[in-house]
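Peer 1: From the sequence below, what's the structure:
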Amino acid sequence: MKRRDFIKVLSGVLIWPLAASAQQGKIWRIGVLETSALALNTANMEAFLEGLRALGYVEGRNLMIDYRSADGVAERFHDLATELVKENCDLILTRGTPAVLAAKNATAAIPIVMAASGAPVGVGVVASLAQPGKNVTGLSAFTTELESKRVEILREILPELKRLAALYNMSNPISQARWESLEGSARSLRIEPQLLDVRKMEDLESAFARAIERHADALIVENDGLIHANRRLITGLASRHKLPAMYATRELVDEGGLLSYSVDYAHLYFRAATFVDKILKGAKPSDLPVEQPTKFELVANLNAARSIGLTLSESFLLRADKVIE
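Peer 2: Residues are numbered from 1 along each chain as shown. Okay, the predicted model is just below:
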């Protein structure tokens, strides 16, 4: 039976229900608190499920996934996390700072595994990477640490870069640290940083208009739930305004964006399955150090480059981990 035959949609909630022939025994219920709908997150969830299957957990047999998406509206995380707690999930998987903070505030008893979190120590999600404390552990996504590298890559392909716009949702607790990192890196290269604060979908078009008015030469787009939910609109606006854009996740390059330099998110989700397995077998989250990423990828989209009249050098493309023709 195909995967979509297992999916049931209930008021925007996606659930992989148990097969009628499931064997007797413990059935683990994992709540997933996500920034975007499953249709926009398929690759990551497939990697997570692949990791679980390798460890003996199979949907419809001994595993049930309860997927909840905020659809780019961070204010929804509180209610979604509360719902998962009421469902008596055995564990909650999260992505992003707003999601893990909501889950942590909703429960001190249910274990929480971060598939990816920008700076879990900096925003108080965990006490330290080595000793997380309490009920949260998982993986860091290094989003803040990579901002300077993204600026350097843009300067490499745009030697005359003078003004750099940054599309950030400053209501995200991690965004201030990202902005400070980008601002410092840009100024060290004598590039003027321009903050474009977007907090809802309606802010996006006007933000691009401001970037053009300020004569921005390029754009950096952070990794945030609002960004994920509106990835097609954002990459379309960058193309329409012929603005070279660097994204903090490959997902937007797959959607038509120009460049990304980031951790390999699918790999993080795959690794998250290991944390889930250890916890379900009795380990305490507080005893499992937060894992830092080891795989990073530079992805370039030649179609996007051509659409804005940008030529990427052969030497640059040879360095890329993935080139989309």
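Peer 1: can I assume residue 164 is in contact with residue 192?
Peer 2: Yes: the pair residue 164 / residue 192 is scored as a contact, 6.9 Å apart, by Cβ atoms under 8 Å. To be clear about C-beta, it is placed using only N, CA and C from the backbone, and glycine gets the same treatment.
Peer 1: Looking at those two, which one has more neighbours?
Peer 2: The neighbour comparison of residue 164 against residue 192 (other Cβ atoms under 10 Å) goes to residue 164, with 26 against 16.
Peer 1: Quick check: which element contains the more buried one?
Peer 2: Using DSSP states H and E, the element containing residue 164 is strand 163-168.
Peer 1: Kindly report the same for residue 297.
Peer 2: For residue 297, the host element (DSSP H and E) is strand 296-301.
Peer 1: got a list of contacts for that strand?
Peer 2: 142, 146, 153, 250, 253, 256-264, 312, 316-317, 319-324 (Cβ atoms under 8 Å, 6 or more residues apart in numbering).
Peer 1: now do 6 Å
Peer 2: Residues from elsewhere that reach strand 296-301, judged by Cβ atoms under 6 Å, 6 or more residues apart in numbering: 250, 253, 258-261, 263-264, 312, 320-324.
Peer 1: again, but for stretch 184-202
Peer 2: Here stretch 184-202 makes contact (Cβ under 6 Å, 6+ apart) with 148, 151, 155, 161, 163-167, 169-171, 183, 204, 207, 214, 216, 230.
Peer 1: what angle separates the lengthiest helix in the chain from strand 296-301?
Peer 2: Secondary structure of the chain read by DSSP state H shows that its longest helix is helix 265-280. Put simply, helix 265-280 runs at 140 degrees to strand 296-301, going by axes from the mean of the first three to the mean of the last three Cα atoms, to 10 degrees.
Peer 1: circling back to that earlier point, and the strand holding residue 164, which strands flank it?
Peer 2: strand 192-197 (parallel), strand 218-221 (parallel) (DSSP bridges).
Peer 1: same question for stretch 26-42, mean pLDDT?
Peer 2: Stretch 26-42 shows a mean pLDDT of 94.
Peer 1: all strands for the stretch 51-200 of the chain, in order.
Peer 2: Using DSSP state E, counting those that start in this stretch, the strands of the stretch 51-200 of the chain run over 63-69, 91-95, 112-117, 136-140, 163-168, 192-197.
Peer 1: Where does pLDDT dip in the stretch 1-150 of the chain?
Peer 2: Along the stretch 1-150 of the chain, the model assigns pLDDT under 70 to residues 1-24.
Peer 1: Repeat the analysis, applying 50 as the threshold.
Peer 2: Judged by pLDDT under 50, the stretch 1-150 of the chain has its weakly predicted residues at 1-12, 18-23.
Peer 1: Helices along that one, start to end?
Peer 2: 42-54, 77-86, 97-106, 147-157 (DSSP state H, counting those that start in this stretch).
Peer 1: Pick the most deeply packed of these.
Peer 2: Among the helices of the stretch 1-150 of the chain, helix 97-106 has the highest mean neighbour count (mean count of other Cβ atoms under 10 Å), at a mean of 24.
Peer 1: buried subset of the contacts of stretch 184-202?
Peer 2: Buried members of those, counted by 16 or more other Cβ atoms under 10 Å: 148, 151, 155, 161, 164-167, 169-170, 183, 204, 207, 216, 230.
Peer 1: Right, I'll call it a day here.
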